[in-house]
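Student: quick one: sequence and predicted model below, then my questions.
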Amino acid sequence: QVQLEESGGGLVQAGDSLRLSCAASGRTLSNINMGWFRQAPGEKREFVAGINWSGASTRYGNSVKGRFTISRDNTKNTVYLQMNSLKPEDTAVYFCARGRPYGSASNDEGAYDSWGQGTQVTVSS
């Protein structure tokens with residue numbers, strides 16, 4: 001069983017940057033595609049970014065393209081989400097999730113089977 005723990009959230013102002021981390025324990029993630037999702041109050045969970053098992057390919061939700069970057073360090077069993085030019089509409093709880101092995105990362109929530117507890121990101125205007 002894998003455990004995922006997000007960190008790095010906080011309260012920032014519009015235009016600021018944050019880097020979220022997702023550390024995994026219990027199992028290696030080196031052959032697993034990973035994703036970041038977010039959920040704002042009263043909203044459905046939304047795909048933010050995904051990265052394939054090797055880090056060679058990434059994909060992003062339309063609302064974050066050009067501002068967010070997903071990366072991973074398989075030697076540390078950790079996935080990152082660098083968030084730049086933050087906007088108030090980025091305010092949400094951010095979750096990392098474990099996807100399927102190999103291939104490419106999906107933007108479909110159903111393709112992920114383990115989730116962290118989430119970290120709150122609040123962007124003030």
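Tutor: Arrived safely. Please read all numbers here as calculations on a predicted model, not as lab measurements. Numbers count the residues shown, from 1 in each chain.

Student: and the residue nearest the centre of the chain, what are its bridge partners?
Tutor: The chain has residue 36 as the residue nearest its centroid, 2.3 Å off, counting by C-alpha atoms, centre = their mean. Listed by DSSP bridges, the beta-bridge partners for residue 36 are residue 49, residue 96.

Student: list the contacts for it?
Tutor: By C-beta atoms under 8 Å, 6 or more residues apart in numbering, the residues touching residue 36 are 20, 22, 48, 49, 50, 70, 79, 81, 94, 95, 96, 97. All C-beta atoms are positioned from the backbone trio N, CA, C, and that covers glycine.

Student: surely the last one is in contact with residue 116?
Tutor: If I follow you right, that is residue 97. Yes. With contacts counted by C-beta atoms under 8 Å, residue 97 reaches residue 116, the gap being 7.4 Å.

Student: next, show the common contact partners of those two.
Tutor: Shared contacts of residue 97 and residue 116 (C-beta under 8 Å, 6+ apart): residue 4.

Student: contact partners for residue 95?
Tutor: By C-beta under 8 Å, 6+ apart, the contact set of residue 95 is 6, 36, 37, 38, 39, 45, 115, 116, 117, 118.

Student: swap in 7 Å and give it another go.
Tutor: Counting by C-beta atoms under 7 Å, 6 or more residues apart in numbering, residue 95 touches 6, 37, 38, 115, 116, 118.

Student: relative to the helix or strand harbouring residue 20, what are the paired strands and their orientations?
Tutor: Using DSSP states H and E, residue 20 maps to strand 18-25. In the sheet, strand 18-25 lines up against strand 3-7 (antiparallel), strand 78-83 (antiparallel) (DSSP bridges).
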